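Chemist: only geometry, no sequence info:
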């Protein structure tokens, strides 16, 4: 049964909502804007905040819903959860609809951790993201993402949840691969100055 839920999760993740929304609205390729990533940040850049937030929500839910449904009514338990939870992230990062070139998988990662931990995981990730955006800022957004995932890891280690730590390892590996160009730069943490 977990194979079916893994395939459902992968298919859900592979639908590139941000690309669809942006190109439907602007009649232009999303690869031509910003960093070319088919994600909601580039929808915000090119089509406005509201459409960008809508695209972000869809990217979030395509990770959240398959995991939540698989856990609540799909009869998935134990180590089967690992492949089901990671599948939407893999679908987004390596979408067959984009010839295995997907997005950076940040919003869908928030989604799967909501499905796994309800509000706890995403809250820690979000708080860490805010910390590394407005207080201690690394050199690139890629480092913000990875450092935020380490915030989540600390929580999982305290809980001694080996299953969730395995999911974290897969998820973070995919995020690191998709941000590898930015991670090539030194982390260069800098304390942001107070705005007067």
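Modeler: Ah, there it is. Quantities reported herein were computed from a predicted structural model and do not represent experimental measurements.

Chemist: Pull out the buried positions in stretch 9-26.
Modeler: 9-23 (16 or more other CB atoms under 10 Å). Just so you know, the C-beta spots here come from the backbone N, C-alpha and C atoms, and that holds for glycine as well.

Chemist: what's the answer for stretch 103-119, then?
Modeler: 103-117.

Chemist: Just to check, residue 87 is in contact with residue 4?
Modeler: No - using CB atoms under 8 Å, residue 87 makes no contact with residue 4, being 10.8 Å away.

Chemist: Give me the more crowded residue out of the two.
Modeler: More crowded of residue 87 and residue 4, by other CB atoms under 10 Å: residue 87, with 27 against 12.

Chemist: in which helix or strand would I find the nearest residue to the more buried one once chain neighbours are set aside?
Modeler: Ranked by CB to CB, 6 or more residues apart in numbering and with sequence neighbours excluded, the top spatial neighbour of residue 87 is residue 9, at 3.3 Å. Following DSSP states H and E, one finds residue 9 within helix 2-14.

Chemist: Which strands and helices lie in contact with that helix?
Modeler: When contacts are defined as 3 or more CB pairs under 8 Å, 6 or more residues apart in numbering; DSSP states H and E, helix 2-14 packs onto helix 49-72, helix 80-93.

Chemist: mind listing what residue 122 touches?
Modeler: Taking CB atoms under 8 Å, 6 or more residues apart in numbering, we find residue 122 in contact with 110, 113, 114.

Chemist: got the buried residues for stretch 62-73?
Modeler: 62, 63, 64, 65, 66, 67, 68, 69, 70, 71.
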